[in-house]
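**Student:** This is a predicted model, with the sequence first.
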Amino acid sequence: MSEPASTAIRVLLVDDQELVRSGLRRILRRRDGFEIVAECADGSEVPDTLAALGADGVDVVLMDLRMRQVDGITATKRLAEDPGAPPVLVLTTFDDDEMLSGALRAGAAGFLLKDSSADDLIRGVRAVADGDSWLDPAVTGRVLTSYRNSAPAVPADGRVVEALTPRELEVLRAIAIGRSNGEIAAELVISELTVKSHIGRIFTKLHLRDRSAAIVFAYDHGLVTPAQS
């Protein structure tokens, strides 16, 4: 594992199983650059907990999907309505493609299966804290397929097409079908650094927070259709 950051990443755990939360606490240790600032046993507890911690008290919410009162998708959607809310990384034992694609639509910055390695959990939390997204490679392809199949068939939004350059549109469409930066660079015959620059401009122009938001945006605005893969 890499050296801890100078400032710990503050994590809010949301899971209805104490055993799971205990395991997460053992992985996300202070000596590795993390601080568990609070825990919730249900999605219904999240708003009050965040309010008590203050506007800048949490960097990442690690959110279970299946909970008794307010599930993870509902809790994530409510958080996403607040532009100042911390990003959500969904963590679940269920590789339910429709639920995970629903989490993306609700505004999650990514998802991770609970049987993932400790290193993947650490990398995922760090990526989301840095403003990026984390899509578990074990299920990403299937989740995007589920998303494509459920996406409404709508014409491309002309305003978006006008806002982006042709190259930026190519990059956005590649992100939406699950291509990595390396794959995009190879397909477009450009460097990964150039891909990152394009992505940064796309996020700025479209007011997107991360890669997951870009996927949702592309489908919702007709830039990618269910027939594309």
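**Tutor:** In hand now; what should we look at? Numbering: from 1, shown residues only.
**Student:** Double-check residue 107 against residue 77; I have them as touching.
**Tutor:** Yes. Look at residue 107 against residue 77 with CB atoms under 8 Å: they come within range, at 6.2 Å. Placement of C-beta: from N, CA and C, glycine included.
**Student:** Neighbour count: the two, which is higher?
**Tutor:** residue 107 (21 against 18; other CB atoms under 10 Å).
**Student:** Identify the spatial nearest neighbour of that one, chain neighbours not counted.
**Tutor:** Here the nearest residue to residue 107 in space, its sequence neighbours aside, is residue 80; by CB to CB, 6 or more residues apart in numbering that works out to 2.8 Å.
**Student:** tally of neighbours for the one you found?
**Tutor:** Per other CB under 10 Å, the neighbour tally for residue 80 reads 18.
**Student:** How about the backbone phi and psi for it?
**Tutor:** Residue 80 adopts backbone torsions of phi -60, psi -20, taken as degrees, to the nearest 10.
**Student:** give the contact list for it.
**Tutor:** Residue 80 makes contact with 88, 106-107, according to CB atoms under 8 Å, 6 or more residues apart in numbering.
**Student:** In the chain, which residue is most central in space?
**Tutor:** residue 109 (1.6 Å; CA atoms, centre = their mean).
**Student:** shouldn't that residue be in contact with residue 128?
**Tutor:** Yes. Taking CB under 8 Å as the definition, residue 109 is a contact partner of residue 128 at 4.6 Å.
**Student:** show me where the chain has helices.
**Tutor:** Using DSSP state H, the helices found in the chain span residues 18-27, 46-53, 72-80, 97-106, 118-129, 140-150, 158-163, 166-176, 181-188, 192-206, 211-220.
**Student:** So which residue of the chain lies furthest out from the middle?
**Tutor:** Outermost residue of the chain (CA atoms, centre = their mean): residue 189, 27.1 Å.
**Student:** picking up where we left off before, which residue is the nearest non-sequential neighbour of the residue nearest to the centre of the chain?
**Tutor:** Nearest non-adjacent residue to residue 109, counting by CB to CB, 6+ apart: residue 87, 4.0 Å away.
**Student:** tell me the phi and psi of the one you found?
**Tutor:** Residue 87 adopts backbone torsions of phi -70, psi 160, taken as degrees, to the nearest 10.
**Student:** contacting residues around it?
**Tutor:** Counting by CB under 8 Å, 6+ apart, residue 87 has contacts 60-61, 108-109, 128-129, 131, 209-210.
**Student:** Look at it and report its pLDDT.
**Tutor:** For residue 87, the model assigns a pLDDT of 93.
**Student:** Could you do residue 213 as well?
**Tutor:** 83.
**Student:** That one: how many residues sit nearby?
**Tutor:** A total of 20 residues lie near residue 213 under the criterion other CB under 10 Å.
**Student:** right, and it touches residue 106 too?
**Tutor:** No. Residue 213 lies out of contact with residue 106 (CB under 8 Å); the separation is 11.0 Å.
**Student:** Domains in the protein, by residue range?
**Tutor:** Following the assignment in automatic domain parsing, the chain carries domains at 9-145, 152-220.
**Student:** about what we covered before: which of the helices of the chain comes out lowest on mean pLDDT?
**Tutor:** Across those, helix 140-150 gives the lowest mean pLDDT, at a mean of 64.
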